[in-house]
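Undergrad: quick one: sequence and predicted model below, then my questions.
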Amino acid sequence: MPAEDQIDQVRCSNCQDPLVEGDRFCGTCGTPAPIAKRPALDAQRPVADAPRPTAWPGTPGTSGAVNGEQELVSTRANLSADPSSPFFRHTVSKPSQSLSNATRYLCAGAYLDRTFANDVIWELIASRRTVVPSVNVDVGPVIRHCLKARRLSLIRDVVLVVIVVLALIINPPAAINFLFTSFALGVLLPLARWRHRNLLGKFVVVLVAAATVSTIGSFAVFLIIGTFITLLASGSATTALAGLIAVGAAFLLLLAATWITQFIYIRTVYRTLGEDLRPGAPPPPAASSPAEARVAAVEAAQWGNLTLYGGENPFIGTGEPTDRDWAIAIELDRAGPPRLSSTGRKKVRGYAPIDPVELHERIRERLLKLNDPNLPLNERILGLRVEDAVVGNGLLRWTSPLLDMSSQTPYSEASPEAIEALIRHPQAGLRYYQKVSVSDEGPPVTSGGRQVIDGVDQGIAVSGFVHVAVEGRMFYIQFVRTALTPIKGSYRIIDFIPIRSPARFFGLVTWESLKTLFGAVIYAPVEIYAALRLRHRERKFEREFSPANGSVFASFGAEMSVRERGASDFFGTHIRELDRDKYTKIIERLLVDTVIDFLWEKDVNVDAFAASASTIINGNITNLDVSGGTNQFGGEGSTFHQTPAQNTQSGG
């Protein structure tokens, strides 16, 4: 009899084959097994149960790293200390910090893109949908600037309409000529898009523009001549000439009044972009408006770990999933070669149970070491964050525990107790992922105490989502990668505003006000109508969105991410794409290493896992350091081997 069977342990009541801890059925005859006592591990094997961390850095409500130091904010020990604590709750707001580059550019988009501002206000203020956590973005300042931008543009539009209406009453010929001129220069000319047309297209544009200008010019001349003839018929030539001069003067006066209005508006906007949104600027203070209560709630909810999605993408806020997704499933068999039972039949070594919560803790520990404060600054990934991410469908019953009926808004944070329960129940309506995000930012480069080059912000963010499930004696791990492209280039012009040069700033404002004046005059009535219609829609939604209407379900899923809404369509440079792949490789490699180490310690046969992982990391030869030894596998059909000498353990 082998030495391992000489140890006192539980045996099968039917065939008397030995059992080990975790065996619920005999591997030979299938008889239900009593609780088995696990023998001591061989001295050469690592300790199976590594100590759990007492806290999880980077939990919701914190940044995960402040000044490069990891915060310990959420104790996971003694989870049942308060059995009456709720499983879901609202997130506590974070202290305000200086605006990140991504936040600054999105705030600028509120003034430079009216559609963007309206979309943000509708998604986050008018509705009660879930607030999407966004990488390296604070949505509070973005919302406040969107509200301010919409208020400024509405005031400008009202003033322009009032000026034109008064001109139509006082001097209709001058006002009509001004409107025709504004239509030609503010609508038709921008539609030409001269730079984007070929030779034939430019020729057609020239013909159309010539015909339009001649038509408008003929009408204007006819209107002026008709006015002159009317005045001449009713009085002397001097009176007619005076009336004609009055039309011209009224035209110039109308042009001056509208330009001054547009100049003040552009100056206010550019002053805000250049001063309030400068690098390192503090966030705007809370405004005294009816919407501020909702803004404050959204500002806190963005740091939560619970996201309800309304579309197809459960990872909304981090970009679309890429083609770098993968998953591995293996049986939880004990390590070592098969043995022969007492009847001579070939027998596997049995079921090796693992705790997915403990595995997630181990993964978190290893990932956070990428930004270990003990590492040299140049070796740390400073933009790293490791967080909980609980996702689910946003179509909820009004009686759902995910809803706060006092405010009719969804909760934004799952408690540690709820998270552990969801990890152990992978078939639930909510799914847990461990999210690791990297903002592609680098510190200044120094040498000998001197700065070589400034720090850099590539403007992209890479996120990886890790899901672990233990079902039917199978182990399953899934990795999903998402990536955010930089903010739109049109939003980044704030870095080029010459705010410290009064002469250049005045010239810029003058040129921009003249260039946009005529379009603003024509579109002002349309924008006022759109603003009023949007406000009516928002108030109607507030009145009708209630369980009192008799509905059973309501949609609380997020349909838009502020960060994704302001993202460009492309990465812009190949360096950014290479950085995306670099951080993906680092995360994947560390993840696979950690999982194999963990499974090895739990006495799980990792041959199948290693063989599958070999095609994921590099697609060829890959070395994984497991339990202090380097084990090589790679290529299709390769096998990772755990030798019996390294894995000696008693039991069947």
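TA: Cool, the structure landed. Numbering: from 1, shown residues only.
Undergrad: Ser98: neighbour count?
TA: The burial metric for Ser98, expressed as a neighbour count using other C-beta atoms under 10 Å, is 12. Heads up, the C-betas are built off the backbone N, CA and C, glycines and all.
Undergrad: no, scratch that, I was asking about Thr615
TA: Counted with other C-beta under 10 Å, Thr615 comes out at 16.
Undergrad: same check on Asp113?
TA: By the criterion of other C-beta under 10 Å, Asp113 has 17 neighbours.
Undergrad: that one: what's it in contact with?
TA: The neighbourhood of Asp113, defined by C-beta atoms under 8 Å, 6 or more residues apart in numbering, consists of Ser490, Tyr491.
Undergrad: and it, how far from Pro173?
TA: Distance check for Asp113 against Pro173: by C-beta to C-beta, to the nearest Å, it reads 37 Å.
Undergrad: also Leu384?
TA: 67 Å.
Undergrad: could you look up the SS state of Tyr433?
TA: Reduced to three states with DSSP: H, G, I helix; E, B strand; the rest coil, the structure at Tyr433 is strand.
Undergrad: my guess is it contacts Val468. True?
TA: No. Contact criterion C-beta atoms under 8 Å: Tyr433 and Val468 do not qualify, at 9.2 Å.
Undergrad: so for those two, which sits in the more crowded spot?
TA: For Tyr433 versus Val468, the count of surrounding residues by other C-beta under 10 Å is larger for Tyr433: 25 against 20.
Undergrad: which secondary structure element is home to Leu160?
TA: Under the criterion DSSP states H and E, the helix or strand holding Leu160 is helix 139-170.
Undergrad: what's the answer for Val438, then?
TA: Going by DSSP H and E, Val438 is part of strand 430-442.
Undergrad: helices or strands up against that strand?
TA: Under the contact criterion of 3 or more C-beta pairs under 8 Å, 6 or more residues apart in numbering; DSSP states H and E, strand 430-442 touches helix 356-368, strand 384-393, helix 416-424, strand 456-471, helix 574-601.
Undergrad: how does it look with 10 Å?
TA: In terms of contacts (3 or more C-beta pairs under 10 Å, 6 or more residues apart in numbering; DSSP states H and E), strand 430-442 is packed against helix 101-112, strand 306-309, helix 356-368, strand 384-393, helix 416-424, strand 456-471, strand 474-484, helix 574-601.
Undergrad: hmm, back to that, what residues are shared contacts of Tyr433 and Val468?
TA: Common contacts of Tyr433 and Val468, defined by C-beta atoms under 10 Å, 6 or more residues apart in numbering, comprise His360, Ile423, Gln478.
Undergrad: phi, psi of Gln427?
TA: For Gln427, the backbone dihedrals (degrees, to the nearest 10) come out as phi -100, psi 10.
Undergrad: beyond whichever helix in the chain runs longest, next helix or strand please.
TA: Across the chain, the longest stretch assigned as helix under DSSP state H is helix 502-544. Scanning forward in sequence from helix 502-544, with DSSP H and E defining helices and strands, the next element found is strand 553-555.
Undergrad: centroid residue for this structure?
TA: Within the chain, the residue whose C-alpha comes closest to the C-alpha centroid is Gly317; the distance, by C-alpha atoms, centre = their mean, is 2.4 Å.
Undergrad: neighbours of Val552, how many?
TA: Other residues within reach of Val552, judged by other C-beta under 10 Å, total 9.
Undergrad: list the contacts for it?
TA: For Val552, the contacting residues are Leu396, Arg397, Trp398, Thr399, by C-beta under 10 Å, 6+ apart.
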